[in-house]
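J.: Give me coordinates for this.
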Amino acid sequence: VFTSMLATADERFFSADLRARVSRFIQNRRLFDPSLIARAHQLAASGGCSSTEEADAFVADAVAAFALSREPIDRAWYSELSAVS
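T.: Numbers count the residues shown, from 1 in each chain. Reported below is the predicted structural model:
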C-alpha cells in the first residue's frame, strides 16, 4: 500500500488558503467504511480474529480502502496539489 502525506505546515509550499482547503478536504473524507471501523472495535474488544479466514477477510476489506477510486478527480485541485509535491 502506497500513500503520500501532505506536510501542509510548510509555508514555502502551502499558503494559508491552500492549507485550509486541504484541511477541510481531509476532515470531510471518509477513508474507512463505518462498518469496517465497527468490526475493528469489535475485534479489539474480543481479543482479535477467531480464525484465519476472519483475519484475511478483515485485512482484505481494510486494504480495499486504498484501491484507486472510481470517483472523478477534480483536475484543477489535482494540478494545484501536484505543483507542491
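
J.: and Thr8, backbone torsions?
T.: phi -70, psi -10 (degrees, to the nearest 10).

J.: Can you tell me how far it is from Arg70?
T.: Per C-beta to C-beta, to the nearest Å, Thr8 is found 27 Å from Arg70. Where C-beta positions appear, they are placed from N, C-alpha and C, glycine not excepted.

J.: Which one's more surrounded, the two?
T.: Thr8 (17 against 5; other C-beta atoms under 10 Å).

J.: Please tell me I have it right and the more buried one contacts Arg19.
T.: Yes. The pair Thr8 / Arg19 is scored as a contact, 4.6 Å apart, by C-beta atoms under 8 Å.

J.: Where does the prediction get shaky in the chain?
T.: 1-4 (pLDDT under 70).

J.: And the helices in it, which stretches?
T.: 16-28, 34-45, 52-64, 75-83 (DSSP state H).

J.: can you put the ones you listed in CSV and add mean neighbour count?
T.: CSV is the format used below for the helices of the chain (neighbours: other C-beta atoms under 10 Å):
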stretch, mean neighbour count
helix 16-28, 12
helix 34-45, 12
helix 52-64, 12
helix 75-83, 11
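
J.: For the spatially most central residue of the chain, which non-adjacent residue is closest in space?
T.: What sits nearest the mean C-alpha location of the chain, by C-alpha atoms, centre = their mean, is Leu31, with 4.1 Å. Nearest non-adjacent residue to Leu31, counting by C-beta to C-beta, 6 or more residues apart in numbering: Ala65, 5.5 Å away.

J.: Any idea how many residues pack against that neighbour?
T.: If you count neighbours by other C-beta under 10 Å, Ala65 ends up with 13.
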